[in-house]
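Q: model this:
(chains A, B, C and D)
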2 protein chains.
Amino acid sequence: MPIHGVYDNALTPQVHEYGMSDTISTIRDDFIALMGQMVEAHGMSPISGRMLGLLIFDGEARSFSDLATELGVSRGSISANARVLVARGSIMKENRPGDRQDYFRISDQSFEIILQTLTQRMLDISSRVHELSERIPSGDADGAGARRRLDGLSNFYQAIALGVRQAQNHLNQDQ
Amino acid sequence: MPIHGVYDNALTPQVHEYGMSDTISTIRDDFIALMGQMVEAHGMSPISGRMLGLLIFDGEARSFSDLATELGVSRGSISANARVLVARGSIMKENRPGDRQDYFRISDQSFEIILQTLTQRMLDISSRVHELSERIPSGDADGAGARRRLDGLSNFYQAIALGVRQAQNHLNQDQ
DNA sequence: ATGAATGTTCAGTTCGAATTGAACGCAGAT
DNA sequence: ATCTGCGTTCAATTCGAACTGAACATTCAT
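A: Predicted coordinates for the structure are as follows:
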């Protein structure tokens, strides 16, 4: 059961405006819409973000159909997006005896995984750039500057990876 | 003048394969192609990334026409992408007396700016989520869990911002 | 058996961002 | 005056990702 029983579709992102009634379902809708936008920066689809938003807000597990209904999207979309979110480890699929529906809940390592993935990608880029740098023949005088700049870029990404890792530690620290 | 005078177009991303001649122009092409792919994760267009790649590799300023020719893209694309890169502060436009061409070079604060922008975006998201959390009526028992989870997300983004800022310091440290 | 509910698949559609290319304005050169 | 080279603009095009919706297989209920 969702927190307040009935929710409107969360299709329109909204800023807090004058006269808007601040019901919890309005806030929920705003949050879901916000998450839909945020994740695009991480290369995910809007629906994935809205699903995450809904599941984070509600906390508990929600059914496949509920997701389709409350987000106002096709079952096909839920199916496809749930598959990648489960694969990523962001959400978990639950099945209950005597109930054929699939249920999904936000994974408790959801954030952890995001940071882990991010760190990995940064390190990956760093090493790929470094490999290119090493392929520059060391005898080549013209290439010295290029190698220096490529190494700088490689260090750049490595530094980000370290920073993210520290964020990870920081978060684990206070649970 | 570019480092080795003449370069092929860098249209096809390449891995280091058997039998590939490791000339500096091949490495350059690979790097440009790699940058074209990398920046898409940051929401920039491929051509922007390739321009950055070319300018980072060469180090010196390159002309508007050179960019169009060497990347094999239309002048319209160079114009549009250069505009946003300059606006972002990633590259700098130079003009030389007695030469009507525009020249571009990689900005020395190029990396700095990326991190600054990233930090800003993380903090922005963090505060937007926190605002939503605060709008949840404190009397609402059902909302307590939601508020806790939203605050967790807000902290998450704040931690990333801190991590990135530390990366920034780390990089400034050794120039 | 028939029907209803559930999740998956896939062909089709939509939609927007990226890119092109032609037209344009401008500035020097001939 | 004309021409050429330069960068900008904008309408048209391309291209791919996201989403839909119908068809399908499966399972359970009647």
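Q: tell me the secondary structure at the residue nearest to A:Arg165 when sequence neighbours are not counted.
A: Closest residue to A:Arg165 apart from its sequence neighbours, by CB to CB, 6 or more residues apart in numbering or on different chains: A:Thr119 at 5.6 Å. C-beta coordinates here come from the backbone N, C-alpha and C atoms, glycine included. The assignment at A:Thr119 comes out as helix when based on DSSP: H, G, I helix; E, B strand; the rest coil.
Q: same thing with A:Pro137?
A: Once three-state DSSP is applied, A:Pro137 turns out coil.
Q: that one: what's it in contact with?
A: A:Gly143, B:Asp22, B:Ile24 (CB atoms under 8 Å, 6 or more residues apart in numbering or on different chains).
Q: any chance you could map the strands in chain A?
A: All strands of chain A, identified by DSSP state E, fall at A:62-63, A:91-96, A:99-106.
Q: need the winner for burial among those strands.
A: Highest mean neighbour count among those (mean count of other CB atoms under 10 Å in any protein chain shown): strand A:62-63, with a mean of 19.
Q: partners of it in the sheet?
A: Strand A:62-63 pairs in its sheet with strand A:99-106 (antiparallel), by DSSP bridges.
Q: report how many residues lie close to A:Ser45.
A: Using other CB atoms under 10 Å in any protein chain shown, A:Ser45 has 15 neighbouring residues.
Q: you'd agree it is up against A:Asn81?
A: Yes. Counting by CB atoms under 8 Å, A:Asn81 is a contact partner of A:Ser45 at 6.2 Å.
Q: low pLDDT regions in chain A?
A: A:1-20, A:175 (pLDDT under 70).
Q: so which residue is smack in the middle of it?
A: What sits nearest the mean C-alpha location of chain A, by CA atoms, centre = their mean, is A:Val39, with 5.5 Å.
Q: determine the number of other residues adjacent to the residue nearest to that residue when sequence neighbours are not counted.
A: Nearest non-adjacent residue to A:Val39, counting by CB to CB, 6+ apart: A:Gly49, 3.3 Å away. Per other CB under 10 Å, the neighbour tally for A:Gly49 reads 23.
Q: for A:Gly49, what are its contacts?
A: Contacts of A:Gly49 (CB under 8 Å, 6+ apart): A:Met35, A:Gly36, A:Gln37, A:Met38, A:Val39, A:Glu40.
Q: ok, A:Arg96 next?
A: Contacts of A:Arg96 (CB under 8 Å, 6+ apart): A:Tyr103.
Q: ok, now A:Arg165?
A: By CB under 8 Å, 6+ apart, the contact set of A:Arg165 is A:Leu115, A:Thr119, B:Gly163.
Q: show me just the buried residues among those residues.
A: In these, burial by neighbour count holds for A:Leu115, A:Thr119, B:Gly163, counting by 16 or more other CB atoms under 10 Å in any protein chain shown.
Q: okay if I get those as JSON lines plus distance to DNA strand C?
A: Converted to JSON lines, the buried ones among the contacts of A:Arg165 look like this (distance: CB to the nearest atom of the strand, whole Å):
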{"residue": "A:Leu115", "distance to DNA strand C": "26"}
{"residue": "A:Thr119", "distance to DNA strand C": "25"}
{"residue": "B:Gly163", "distance to DNA strand C": "26"}
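Q: for chain A, what's the longest helix?
A: Counting residues, the longest helix found in chain A (DSSP state H) is helix A:143-173.
Q: list the buried residues for that helix?
A: Buried residues in helix A:143-173 (16+ other CB under 10 Å): A:143, A:146-147, A:149-168, A:170-171.
Q: stretch A:23-33 too?
A: In stretch A:23-33, counting by 16+ other CB under 10 Å, buried: A:Ile24, A:Ser25, A:Thr26, A:Ile27, A:Arg28, A:Asp29, A:Asp30, A:Phe31, A:Ile32, A:Ala33.
Q: with stretch A:47-64 instead?
A: A:47-58, A:61-62, A:64.
Q: ok, the residue nearest to the centre of chain A - contacts?
A: A:Ser45, A:Pro46, A:Ser48, A:Gly49, A:Leu52.
Q: mind listing what the first one touches?
A: Residues counted as contacts of A:Ser45 (CB under 8 Å, 6+ apart) are A:Val39, A:Asn81.
Q: phi, psi for it please.
A: phi -80, psi 150 (degrees, to the nearest 10).
Q: neighbours around the closest residue to DNA strand D within chain A, how many?
A: Residue of chain A nearest DNA strand D, by CB to the nearest atom of the strand: A:Gly76 (2.5 Å). Other residues within reach of A:Gly76 by the criterion other CB under 10 Å amount to 9.
Q: what's the closest non-adjacent residue to A:Asp140?
A: B:Ile24 (6.0 Å).
Q: my read: that neighbour touches A:Ala144, true?
A: No. With contact defined as CB under 8 Å, B:Ile24 does not reach A:Ala144; the gap is 10.9 Å.
Q: now the residue lying farthest from the centre of chain A: how far from A:Pro97?
A: Most distant from the centre of chain A: A:Gly139, at 45.0 Å, with distances by CA atoms, centre = their mean. Applying CB to CB, to the nearest Å, the value for A:Gly139 to A:Pro97 is 70 Å.
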